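A.B. asks: Give the three-dimensional model of this entry:
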Amino acid sequence: MKRITVIIALLATGLILALCGTALASDQKEVYVDSETVFEVIDAGIYQPRDFIILVIGYVHDSVDISYDHISKDILEKGVWYALGKTPSPRPNLHRYVRICLRYQGRDYKPFKKISDDWWRRPYCDVFGVTRELEKEKVFRDGDKISGIEWQSFWNPLSKEREQKEAEESRRAEMLERQKKEEEARKAKQMAEDKEKQEAKKRLDEFVNKNKITHLLSIKALGATPFVYEGKIVAVIPVWTGHEWNSPVFTQMLTSTQGIFAGSGFMEAIVVSDIPKGLFTSAGTVVIIAGRVLGKTEIKNPLGGTISVPHLKFVGVHFCKYISCGDILKLN
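C.D. replies: Numbers count the residues shown, from 1 in each chain. Prediction:
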C-alpha cells in the first residue's frame, strides 16, 4: 500500500485544560507527520455538559485510495492516536471523544472551524469517524498497529461509489465479453456455413460435370416447358416456394427400369426411363435426378384418366440427406 501523509495541528495545552471549547489560534497549532498523511486539529472543548470533543481533519495524499474502509480506518486511527498523544486529559468527570474527517490534499471542500459545524458529511469531508468514549491509557500503538479505539460512527461514501463503479465496470466487462463471445460464435457459424457452402458447391460441380448437366430446373419449370430442353441433360432439383420445399421425390417404379418422381405441387411429376435395376427401393426418397429430356409421356392420374408429364432418360442421381438437398445444393 502506498505511503500515507498525515498533518495534525493540535490544540494548545493551556486552552484544553481550561476546557473553553474555543478554536485554536494559528500560532498555537503544531504539525505532525505520519508517513505521507497530514492532520490538523480544528477545535477541542466541551460540546455537551459532560462531553469533551476533539475535532481533527486528515489531509490524505491523492495517491491513497481511502474508498477502502480498512485503509481509511487505519488513517483515522493514526489521527486519533496523535490527538490523544498531544492533548492533555480533561477532568475525570468528562467523557472524551475524537471526531475526525478525511480530505484529499489540494481539493476544494466547504470550510469548518468548530465542533458545532455540520462537518460529518460532504461537502466538508470524504470520510469521517466518531470514536466511542476514549481512555488514553487503553489505547496502544505497536508500529503501525493501533488498538483500543472503537468507532461509534463511520461514514465512507467513497466506498459505495467505488463499489458502484466496480459493479458498472464489471457489468460492462461482462457485456463486452458476452458480445465478444457472440461475435466469435457468429464468425464461427459463418465460417462453418461458408465451408459447408464451399463443400456443397464442390459436390454439385462434381455432379454437374460428371453428368454433363446443362440446366438445373424444378419439376414445375420442367413441366411447363419440357420441349425447350429436349435433347439436353438437365438436373431436377428442390426449390423453396416461399412456404415449403418442392423437391423431387421417388414415388414408384412403373417397370423394372422406369420410375415416377413427384413434386409437392398438384399433379407435378416426371417419368425417368433406363434407371439401373434395383437403384430405387424406398418410396419417399428425396433426390436430385439428372436425365436427358426426351419430351413428354402419359401416366395414369390417381384421380382417373391420364396426364402428360416430362419424360427423361436416366443419366445420374444424388440421394439427398435433407428435403432441401442442402448437402449438395447451396444456391443462396
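
A.B. asks: For whichever helix or strand residue 195 is part of, what is the distance to the chain centroid?
C.D. replies: Secondary structure from DSSP states H and E places residue 195 in helix 157-211. On the basis of C-alpha atoms, centre = their mean, to the nearest Å, helix 157-211 sits 13 Å off its chain's mean C-alpha point.

A.B. asks: With stretch 133-140 instead?
C.D. replies: That offset, for stretch 133-140, works out to 50 Å (C-alpha atoms, centre = their mean).

A.B. asks: Keeping just the C-alphas, turn it into CSV.
C.D. replies: Provided in CSV are the C-alpha atoms of stretch 133-140 (Å, rounded to 0.1, in the frame of the first residue of the first chain):
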residue,chain,number,x,y,z
GLU,A,133,-15.5,7.2,24.6
LEU,A,134,-11.7,7.1,24.8
GLU,A,135,-9.5,6.2,27.7
LYS,A,136,-6.0,7.3,26.8
GLU,A,137,-4.5,4.6,29.0
LYS,A,138,-6.3,1.8,27.0
VAL,A,139,-5.1,3.0,23.5
PHE,A,140,-1.9,1.4,22.4
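
A.B. asks: continuing past the helix holding residue 195, what's the next helix or strand?
C.D. replies: Remark: after helix 157-211, the chain's next helix or strand is strand 215-217, criterion DSSP H and E.

A.B. asks: contacts for that next one?
C.D. replies: Contacting residues not belonging to strand 215-217 are listed as 208, 229, 232, 234, 235, 236, 237 [C-beta atoms under 8 Å, 6 or more residues apart in numbering]. Glycine gets a C-beta too; all of them are placed from N, C-alpha and C.

A.B. asks: and the residues you listed, which are buried?
C.D. replies: Burial by neighbour count, 16 or more other C-beta atoms under 10 Å: within these this picks out 208, 229, 234, 235, 236, 237.

A.B. asks: wait, doesn't residue 126 sit right on residue 102?
C.D. replies: Yes: using C-beta atoms under 8 Å, residue 126 is in contact with residue 102, at 5.7 Å.

A.B. asks: if you count what's nearby, which of these two comes out ahead?
C.D. replies: Of the pair residue 126 and residue 102, residue 102 is the one with more neighbours under other C-beta atoms under 10 Å, namely 26 against 21.

A.B. asks: so where's the stretch 1-150 of the chain uncertain?
C.D. replies: 1-35, 88-90, 113-121 (pLDDT under 70).

A.B. asks: Which residues are in contact with the residue nearest in space to the middle of the chain?
C.D. replies: The centre of the chain sits closest to residue 175, judged by C-alpha atoms, centre = their mean, with a distance of 1.9 Å. Applying C-beta under 8 Å, 6+ apart to residue 175 gives no contacts.
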